[in-house]
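# can't give you the sequence, but here's the structure:
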């Protein structure tokens with residue numbers, strides 16, 4: 001959604017001052033703080049001054065983009081001047097100008113969240129964007145008129161008032177700097193005093209640190225060995241069993257199929273044991289991740305009902321779920337609550353020969369906790385054994401023990417998980433009549449304020465995959481599991497994190513093939529949009545696929561996303577997009593741009609979001625030589641060039657067997673009529689007008705070329 005607010009013409013010198021003042025006034029009405037108001041006004045002033053100075057005029061347009069918070073304030077300054085001939089050097093900071101051209105461009109780019117420039121012989125357009133502050137309400141189309149009315153009621157722009165405003169901003173900045181200097185000096189003095197005390201404790205701390213380090217190393221080694229040495233062969237056995245049972249390499253004899261099923265069942269049991277051991281070890285080592293999120297108990301029960309129905313192997317036992325009435329939404333780690341209840345229910349089904357297993361939830365007095373209960377009509381537990389069952393590897397001898405296998409780790413794990421979430425577990429039982437296991441959980445996770453930072457503590461405990469791995473930034477464990485299933489059996493390996501803090505930590509040291517990003521992470525919705533802009537600005541070559549329910553496709557693509565899908569994404573769409581990214585990576589993928597205009601070449605380079613190397617040629621002859629030498633995967637060709645024009649270059653490329661198969665995208669400023677299109681179509685895969693060049697346009701063009709190339 002784009003909401004147009006205001007267009008300000010730059011006809012005379014004083015209009016530059018007026019544009020600056022209007023930019024500041026609009027930023028003030030939109031809720032920007034003083035520092036951001038100054039940044040926006042300064043950026044507009046610098047670019048507007050360039051437009052008036054070098055193009056004798058232009059216009060400034062103000063718009064709002066996006067349907068969800070934070071929206072994007074977009075400012076576009078356009079002129080019809082001769083363009084900027086040394087744009088690449090200006091942007092790199094290496095251009096030296098007697099008039100100071102380039103300083104304003106570089107400065108404004110640093111001050112804004114989004115910044116793009118397009119320049120050619122017919123004019124220059126600079127697009128700048130600033131995300132609205134956190135907490136700002138969403139601007140609807142009906143609000144545009146009110147904003148403009150308020151803006152019109154503000155004082156008319158004047159040079160004197162603007163100079164006074166700039167002086168006031170300068171004085172405020174100097175005062176802030178002085179205040180910060182004094183505070184820094186005060187902190188330095190305090191730190192010096194603290195350091196003296198810390199030095200006195202070093203001797204004692206060193207000795208304790210050695211012991212703690214050894215203990216931590218042992219825990220880390222244990223976790224690493226368990227996860228790698230056990231899980232790797234187990235996963236291989238499970239995968240091989242799956243292949244055999246799927247009869248990929250031919251049918252099995254009935255006896256062989258029975259044997260493979262026994263192997264698969266034993267592997268599943270051993271995997272369950274390893275998982276329980278790892279969970280216990282992680283809790284002891286403080287490495288378990290808590291991922292609180294809002295959820296409804298009714299939805300949790302629905303998922304458990306479908307998940308545990310297959311465990312009912314007899315008609316003599318019924319699994320019943322009571323409707324959880326009057327329970328508010330909970331904010332805690334749903335996956336761990338589910339794990340506790342799954343253990344309770346599976347135990348109840350194992351030790352109940354006839355009758356029922358009933359699952360219920362009630363709100364505790366005071367409304368601060370929810371009490372989950374799993375009641376069965378099974379064999380019951382004697383009073384003297386009730387505490388013993390919560391100890392690791394302990395099982396109570398009974399008549400069903402021979403038939404029912406177990407590790408003795410489920411209930412101890414339930415207790416520790418409950419304590420980790422701020423709750424507890426308890427038991428009521430009578431031999432011969434049945435048992436009721438209780439799990440009391442706080443409605444809201446007690447240390448939820450630190451939940452965002454908790455997952456980031458130990459990303460290093462996970463092993464970064466090799467080969468084509470994909471970073472998945474998704475808070476919902478169920479969605480992460482779906483992605484992992486989608487990618488299972490493909491060439492892509494998933495690596496999942498639940499927060500932006502974890503994503504930043506991974507990207508600081510590793511480079512994924514692509515990033516799959518949920519833009520609506522709970523508690524981080526505003527930061528996620530900013531992170532997308534920052535990440536793409538820092539390294540545009542890492543593809544970012546936004547998969548979300550925000551509905552803000554335009555804003556996601558505008559801030560740098562390479563693609564956008566609404567949830568839920570299908571396996572086919574995900575694998576197709578990842579395959580396309582893998583095919584288009586920098587490893588050997590080269591594009592040749594043949595255009596005499598350096599600015600046009602720059603625009604094409606910046607508009608291709610996929611990872612790609614570029615070779616450039618400023619004329620037709622040089623372009624033909626480069627095509628024969630480098631054999632690029634795609635050529636972007638301008639039609640109007642001095643000497644050999646684009647039409648002749650196109651014909652020579654088609655006539656040369658070495659270059660005839662290279663896809664050519666004609667990029668031109670000419671209006672494309674039917675005659676010209678018919679003339680170019682036999683040799684050009686696509687024709688794009690320069691005015692239509694955008695990230696979206698070139699992405700669709702390259703994807704269409706890739707699809708046609710992959711067809712038999």
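Perfect, I can see it now. Just so you know, these numbers come straight off a predicted model, no measurement behind them. Numbers count the residues shown, from 1 in each chain.

# got the contact list for residue 128?
Contact analysis of residue 128 by CB atoms under 8 Å, 6 or more residues apart in numbering lists 43-44, 47, 74-77, 108, 112, 114-115. Where C-beta positions appear, they are placed from N, C-alpha and C, glycine not excepted.

# go again using 6 Å as the cut-off
43, 75, 112, 115 (CB atoms under 6 Å, 6 or more residues apart in numbering).

# Narrow the residues you listed to those in strands?
Residues from these lying in strands, with DSSP state E as the criterion: 75, 115.

# most neighbours, which of the contacts of residue 128?
Most neighbours among the contacts of residue 128, by other CB atoms under 10 Å: residue 75, with 28 neighbours.

# Correct me if wrong: residue 69 contacts residue 138.
Yes: counting by CB atoms under 6 Å, residue 69 touches residue 138, with 5.4 Å between them.

# Common neighbours of those two, please.
Taking CB under 6 Å, 6+ apart as the contact criterion, no residue touches both residue 69 and residue 138.

# More neighbours: which of the two?
Neighbour count, other CB under 10 Å: between residue 69 and residue 138, residue 69 has more, with 19 against 14.

# Distance check, the more buried one against residue 504.
The spacing between residue 69 and residue 504, counted by CB to CB, to the nearest Å, is 22 Å.

# do residue 336 as well
Noted for residue 336: a distance of 25 Å to residue 504, by CB to CB.

# Looking at those two now, which is surrounded by more residues?
Shown here are residue 336 and residue 504; by other CB under 10 Å, residue 336 has more neighbours (23 against 16).

# Next, the more buried one: phi, psi?
phi -80, psi -40 (degrees, to the nearest 10).

# need the contact list for it.
Residue 336 neighbours (CB under 6 Å, 6+ apart): residue 417.

# Please parse this protein into its domains.
2-157, 172-285, 293-448, 454-583, 590-710 (automatic domain parsing).

# Serialize those domains to JSON lines and add fields for mean pLDDT.
Shown next, in JSON lines, are these (pLDDT from 0 to 100):
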{"stretch": "domain 2-157", "mean pLDDT": "89"}
{"stretch": "domain 172-285", "mean pLDDT": "73"}
{"stretch": "domain 293-448", "mean pLDDT": "83"}
{"stretch": "domain 454-583", "mean pLDDT": "81"}
{"stretch": "domain 590-710", "mean pLDDT": "85"}
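
# tell me which residues in stretch 663-676 are buried?
Burial within stretch 663-676, assessed by neighbour count using 16 or more other CB atoms under 10 Å, is assigned to 663-668, 676.

# tell me how far the ends of that stretch are from each other?
18 Å (CA to CA, to the nearest Å).

# what's the distance between that stretch and the middle of its chain?
Stretch 663-676 sits 37 Å away from the centroid of its parent chain (CA atoms, centre = their mean, to the nearest Å).

# got it, and stretch 72-91?
Worked out by CA atoms, centre = their mean, stretch 72-91 lies 30 Å from the chain centre.

# From the opening residue of that stretch to its closing one, how far?
23 Å.

# now do stretch 627-640
18 Å.

# try stretch 324-340
Note: stretch 324-340 ends 17 Å apart using CA to CA.

# Going by neighbour count, list what's buried in that stretch.
In stretch 324-340, counting by 16+ other CB under 10 Å, buried: 324, 327, 330-340.

# Name the residue most distant from the centre of the chain?
residue 432 (53.2 Å; CA atoms, centre = their mean).

# which residue ranges form the strands in the stretch 1-150 of the chain?
2-10, 58-65, 72-79, 114-120, 123-131 (DSSP state E, counting those that start in this stretch).

# which residues sit against the fourth one?
Outside strand 114-120, the residues within contact range by CB under 6 Å, 6+ apart are 83-84, 87, 109, 125-129, 599-600, 603.

# That one pairs with which strands, parallel or anti?
Paired with strand 114-120 in the same sheet, following DSSP bridges, are strand 123-131 (antiparallel).

# List the buried residues for the strand it pairs with?
123-131.

# Would you mind giving the orientation angle of that strand with respect to strand 58-65?
30 degrees (axes from the mean of the first three to the mean of the last three CA atoms, to 10 degrees).

# any idea how far residue 192 is from residue 185?
Counting by CB to CB - residue 192 and residue 185 are separated by 11 Å.

# The residue nearest to the spatial centre of the chain bridge partners, please.
The centre of the chain sits closest to residue 517, judged by CA atoms, centre = their mean, with a distance of 2.5 Å. Beta-bridge partners recorded for residue 517 (DSSP bridges): residue 473, residue 546.

# For it, list the residues it contacts.
So residue 517 contacts 473, 544, 546 (CB under 6 Å, 6+ apart).

# out of those, who's nearest residue 684?
residue 544 (30.3 Å; CB to CB).

# The closest one reaches residue 563, doesn't it?
No: under the criterion of CB under 6 Å, residue 544 makes no contact with residue 563, lying 8.3 Å away.

# List the buried residues for the helix or strand where residue 527 lies?
Secondary structure assignment for residue 527, by DSSP states H and E: helix 525-538. Using 16+ other CB under 10 Å as the test for burial, helix 525-538 gives 525-533, 535-536.

# Make CSV from those residues and add distance to residue 372 to it.
Output for these, formatted as CSV (distance: CB to CB, whole Å):
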residue, distance to residue 372
525, 30
526, 34
527, 33
528, 32
529, 37
530, 38
531, 36
532, 38
533, 42
535, 40
536, 44
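
# Which two among those residues are spaced furthest apart?
Farthest apart among the buried residues of helix 525-538 by CB to CB are 525 and 536. That separation is 17.9 Å.

# still on that earlier bit, and which of the buried residues of strand 123-131 is nearest residue 26?
Using CB to CB, these come closest to residue 26 at residue 130, 10.8 Å.

# any idea how far the closest one lies from residue 41?
On the measure of CB to CB, residue 130 and residue 41 end up 11 Å apart.

# swap in residue 686?
Counting by CB to CB, the gap from residue 686 to residue 41 is 41 Å.

# now do residue 177
Separation of residue 177 from residue 41 (CB to CB): 20 Å.

# ok, those two, which is more surrounded?
Between residue 177 and residue 41, residue 41 has the larger neighbour count (other CB under 10 Å), namely 26 against 10.

# okay but that one is in contact with residue 23, surely?
Yes: contact criterion CB under 6 Å: residue 41 and residue 23 qualify, at 4.7 Å.

# hmm, back to that, what residues does the residue farthest from the centre of the chain make contact with?
Shown in contact with residue 432 (CB under 6 Å, 6+ apart): residue 380.
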